[in-house]
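Enquirer: here you go, sequence then predicted model.
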Amino acid sequence: MAASIVSKVLVALLYGCVAARLQWARWLTVVFGFVNVAFVAPTLAL
């Protein structure tokens, strides 16, 4: 439960950095998106 909350806070901070137009945060968000798809896609196939 705590890990879920921490994860959401970290993602919110990352999106805040993206909103502040920080270039590294944009690329990090794209990478996290692809990693998320890679982890979620196999679970959807079950």
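Expert: Yep, that arrived. These numbers were taken from a predicted model, which means no experiment stands behind them.
Enquirer: show me what the lowest-mean-pLDDT helix or strand in the chain is in contact with.
Expert: For the chain, scoring each helix and strand by mean pLDDT, DSSP states H and E identifies helix 2-19 as the least confident one, at a mean of 84. By C-beta atoms under 8 Å, 6 or more residues apart in numbering, the residues outside helix 2-19 that reach it are W24, A25, R26, L28, T29, F32. For every residue, glycine as well, the C-beta is placed using N, CA and C.
Enquirer: contacting residues for the residue nearest the centre of the chain?
Expert: In the chain, the C-alpha nearest the mean C-alpha coordinate belongs to F32, at 4.6 Å (C-alpha atoms, centre = their mean). By C-beta under 8 Å, 6+ apart, the residues touching F32 are V11, L14.
Enquirer: from A25, how far off is it?
Expert: For F32, the distance to A25 (C-beta to C-beta, to the nearest Å) stands at 10 Å.
Enquirer: same question for L13.
Expert: Taking C-beta to C-beta, one finds L13 at 9 Å from A25.
Enquirer: what about these two, which has more around it?
Expert: Applying other C-beta atoms under 10 Å to L13 and A25 shows that A25 carries more neighbours, namely 17 against 11.
Enquirer: spit out the contact partners of that one.
Expert: Per C-beta under 8 Å, 6+ apart, neighbours of A25: L14, C17, V18.
Enquirer: max-length helix in the chain?
Expert: helix 23-45 (DSSP state H).
Enquirer: mean confidence for that one?
Expert: Mean per-residue pLDDT for helix 23-45: 86.
Enquirer: relative to helix 2-19, how tilted is that helix?
Expert: Put simply, helix 23-45 runs at 140 degrees to helix 2-19, going by axes from the mean of the first three to the mean of the last three C-alpha atoms, to 10 degrees.
Enquirer: numbering from 471 from now on, please.
Expert: Noted, 471 is the first residue going forward, which turns the last one into helix 493-515.
Enquirer: what comes up buried for helix 493-515?
Expert: A495 (16 or more other C-beta atoms under 10 Å).
Enquirer: perfect, I'm done here.
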